[in-house]
Every structure is written in structure tokens, then in C-alpha cells.
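> starting from these lines, generate the structure:
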Amino acid sequence: MADRTFFASTVCLLAASLAYSADENKPVAVSTKLVTLDTLKGWTLPELPVTKFEGQLPLKDAGGSAVKGRFDKEQIYTVNAMTGARVYKTGDRWEISCSFPDNTSGRYIFMIEKMSDGVGVKPYLAMQGTFEGKDFVLLDANGNGRFDDSGADVLVWDKTTAFKVGDKVVIGKDEYDAKVSASGNSVSFGKGMGFATALSAVKGDNSIDGGLALWNGIRASIGAPPVKRDPKLEEWGNKHIAFMKAVNNLQHPEDKGNPNYSDEGNRAGMGSCLGRGSREPQSAIMGQLTCFLHRIPLIQPELEFTSFCVDPAGWSAFDHSNGPRRKFDWKGPIAYPPDGANDFGPYWAGNEGPCPIPGGPPEGGVGQPVTLTFSPRDKVKDGKLTLTEGSTEVDGWLSAPDKPAVAMFGNNCQTICFIAKQPLKPKTAYTVKATANVDGQPFEKTWRFTTSESNMPPWIRGGGGGGRKGGK
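Next up, the predicted model:
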């Protein structure tokens, strides 16, 4: 397919807000206390990882410095201005006064364990609280010194029910999401929190890690595992951003005749969702997820390693093609927004290149795309998706794998997509019904969501959006 370049001159608005559609859906905040794992007798806890110690822990001490130590194959040696010299060997507990990622202070405990090629550290601290009359504990299941990692850290309720932060769990008669502070000092349980869980978990965190946490929180809400930043892909992405800045154009391919050309930058450009206009990581990723054709490669469950490149001048690149991909066992198509979400942004400017709206976006914008994405292995025909408010069917544009919105995307990204011709109503409940023929069998799915009051929480400014190279 011939090279084409796409440019989105107007930023997209955000896909979610912190508004809740009803008082009963407001999350219930629960405080926690520190406990060591040996106090949790009778609990069914997952096995926590042992990480080889290589001189530094993923924590900051009370003074804001990294927690470091010398080591050999048997022991860890530390020197601290407060405690002096310490030697830790297998079976010892290493207790540290630290600063958690949400700027709270606390202590962290690691157990020292022997590994085949050295000495390792294992998380030995949990956060315990009570909700609905039952105890729960929160575990730093990936051992990185924080408790709020969607799709990784684990909450165990009533001693036996374990689920990952960001997943949904049935407690009593209701289904809940759990939002966790980075320190684990507070856990909020909410009914159908959906995107708000991800948004509020990183409120005010305009770092790259904050943007990644937002992205992974939204992925968790739709049932997709988290993505990870890859230094090599980010090096390539930043090279491509430097090229685009030099030519002052948002584009995928790099011109080999340009002195700023690089093979790595060109690969990044051809395999990334690109944006221009958002200077903050959160608004940059939300701008991509608000669109249709940019959303789909960034929510794919198989996507594991990516770049999260956001330049201070507003250029961004999110790699979806150049890293190794995970295997994922699809249990069915992925709905966006997920069933029960009550904070779906009602508006989209429609500025996406290539544009999936016939004739381009109308003045005043459209409804944010509602999508249902199928496994790459599924053969989907006759896909339809209807959106109704009560008994009234919403007028909009429909595209499907056998009727793509843009010809260069021959299978429509394996997605049935509906875009309302006018912005959706705020704080309004909608029902979605999708039908298709999948692998020769009839398929039907119905789900519901409620729109938020507005698209943009006040603590996120701007929005993203840009070109994506298609036809791969």
C-alpha cells in the first residue's frame, strides 16, 4: 500500500470524568493498617515474587533517595545515617522507612531469600482493612514498592477471594471495582466505577508513569492486561518525535533524504499512534483512546511492550507494533466502554486521521465512538451495533469488519464501531446491542453504560489525537 500521511490539527476531548451517575455509586473509602504476612494465618494468599537484589530497591527512603546496598551471593550490606551498618542474610527482614509514590511516608519490609545465583528480596508487608463486615488485605504482588498497579497487585477479600486491582469482583450481591492509593493507605470500593477508577487513581500525576497508570487502569476496566514501557522503543519513539519536530509535521514515515532520518525513528513512526497538541501524558493518552482507529491498537490485549513518549512541545508516540507481544486467551470480544461504566465521555470532536466519519466531522462534534473488538482469529460478518436511550434509537454511523469505515483498514480493526451523529447526552443511560455472524454462528451481546457530566476532569487539560499508519 502506498505511503500516506495523516494529520489531526484539533485535539480530541477526554473520554471520561470523575462524575458518578447516582449517589449509591459513589465509592466507599476504607483505611488500612500495616501488617506483616506472618500475621495472616488462615488466609489463602498468592505466592509473591522473589526479585534478585542488584544493588537498589524500587523504593525511596524517607529522605527521598533510592534504597541501596552492596551485596554478594549470600548477603546484603547497607549503611544508613540513622541505623549505621547492617548485614542482611537469608531469613532476615529488611525494614525501610520510605516515601511511597503518592508522597506519603511509611515503612516497607522485605524478606531476604536465597536464589540460585545470588540473594533476593520478597515483599513481606500487606495492608489490611475491613469492608462489608469482612477483612481484606492488599498485596504488592509484583514487588515494586507500590500497591496500586492495575492488573498486577492483588486484593484478597474475606481471606479467600483474590482479585487484581482494576478487576471487578462480586462482594455480597454487588459487583465492585477497587481503587487503591499508591501507598495502600486507602482503598475505595465502588459499584461500576469503570474509567473513573483509573482516572482518580492518578489524579494530578502528570508524570509519564501517571499517564501509563491511567492507560493501564482503563485497560484493566475492559479486561486487557497492562502494558509496560520499553526503553528501546522509547529511544526510537523520541527519535521519530525529533524528526517530526524538525520537519514540523505529524507524519509516520521518515524521508531518507532528510538529515534527521534514522532507521529506528522510521520504524517507530510506522508502528506508533502519533499525536500533537497534548503536553501532559494523561491528556495525550486519553486523546488517543477517545478516537476510534487510534483506540483499537492501544487496547489490544496482546500488546505488552510499548513506548510512552510525550514531548514538552506536545508531540507524542505510543508504539503498538515493534515490541514482542504476549499470548492472550480471548474469552469474547472487548467492549469499550465496558458494561456498567457510568462515566463514559459523551463527546468527541471527530478529528482523527484517517477520519472514520463520512465527509469529516460536523461542526459541534459527535458522540464518542462505542466499539466492540473481536479476536484476530474471529471471522466476523454482518456486524451491527445499535445504541438506544430508553426506547429511542440513536442515529449514527456504523462500521464493521466487513464494512470498514476507512478502506485502508480492510477489517475495520476487527471492530464493530458506532459513532453517534451528535454528542451523547450527559449523565444519561444508554443500551448497546451488537449482533453478528462469528465463525459461522450467530452472535449477540447487550451491555449498558451511563455518560459522565462532561468529558474533561478539571485536573486534565487538553487532549490528544493524531495520525496512525494503516494498512499493516
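
> which SSE is the residue nearest to the spatial centre of the chain in?
The residue at the geometric middle of the chain, judged as the C-alpha nearest the mean C-alpha position with Cα atoms, centre = their mean, is residue 216 (1.7 Å). For residue 216, the host element (DSSP states H and E) is helix 208-221.

> again with residue 284
When secondary structure is defined using DSSP H and E, the element that contains residue 284 is helix 281-290.

> what about the biggest helix by length in the chain, distance to the chain center?
Ranked by number of residues, the top helix in the chain under DSSP state H is helix 231-247. In terms of Cα atoms, centre = their mean, to the nearest Å, the gap separating the centre of helix 231-247 from the centre of its chain is 22 Å.

> in the next helix or strand after that helix, what counts as buried?
Sequence-wise, the next helix or strand downstream of helix 231-247 (DSSP H and E) is helix 263-270. Neighbour-count burial for helix 263-270 flags 264, 265, 266, 267, 268, 269, 270 (criterion: 16 or more other Cβ atoms under 10 Å). C-beta: built from backbone N, CA, C; applies to glycine.

> helices or strands up against the helix or strand following helix 263-270?
Next helix or strand after helix 263-270 toward the C-terminus (DSSP H and E): strand 272-276. Using 3 or more Cβ pairs under 8 Å, 6 or more residues apart in numbering; DSSP states H and E as the contact definition, the elements that strand 272-276 packs against are helix 231-247, helix 281-290, strand 315-319.

> for the first one, packing partners?
The helices and strands touching helix 231-247, judged by 3+ Cβ pairs under 8 Å, 6+ apart, are helix 263-270, strand 272-276, strand 309-310, strand 315-319.

> likewise for the last one?
Taking 3+ Cβ pairs under 8 Å, 6+ apart as the contact definition, the neighbouring helices and strands of strand 315-319 are helix 231-247, helix 263-270, strand 272-276, helix 281-290, strand 305-306, strand 309-310.

> at 7 Å what do you get?
On a contact count with 3 or more Cβ pairs under 7 Å, 6 or more residues apart in numbering; DSSP states H and E, strand 315-319 meets helix 231-247, strand 272-276, helix 281-290, strand 309-310.

> lowest mean pLDDT across these, which one is that?
Set side by side, the helices and strands packed on strand 315-319 differ in mean pLDDT, and helix 281-290 is lowest with a mean of 90.

> that helix vs helix 208-221, what angle?
Here helix 281-290 runs at an angle of 30 degrees relative to helix 208-221 (axes from the mean of the first three to the mean of the last three Cα atoms, to 10 degrees).

> so which bits of helix 281-290 are buried?
Residues of helix 281-290 classed as buried: 281, 282, 283, 284, 285, 286, 287, 288, 289, 290 (neighbour count, 16+ other Cβ under 10 Å).

> out of these, which comes closest to residue 61?
residue 281 (26.2 Å; Cβ to Cβ).

> and that closest one, what does it touch?
In this structure, residue 281 makes contact with 206, 207, 208, 210, 211, 308, 310, judged by Cβ atoms under 7 Å, 6 or more residues apart in numbering.

> swap in 8 Å and give it another go.
In this structure, residue 281 makes contact with 206, 207, 208, 210, 211, 212, 214, 308, 310, judged by Cβ atoms under 8 Å, 6 or more residues apart in numbering.

> what's the spacing between the nearest residue to it once chain neighbours are set aside and residue 305?
If the residues on either side of it in the chain are set aside, residue 281 comes closest to residue 211, at 2.8 Å by Cβ to Cβ, 6 or more residues apart in numbering. Relative to residue 305, residue 211 is positioned 16 Å away (criterion: Cβ to Cβ, to the nearest Å).
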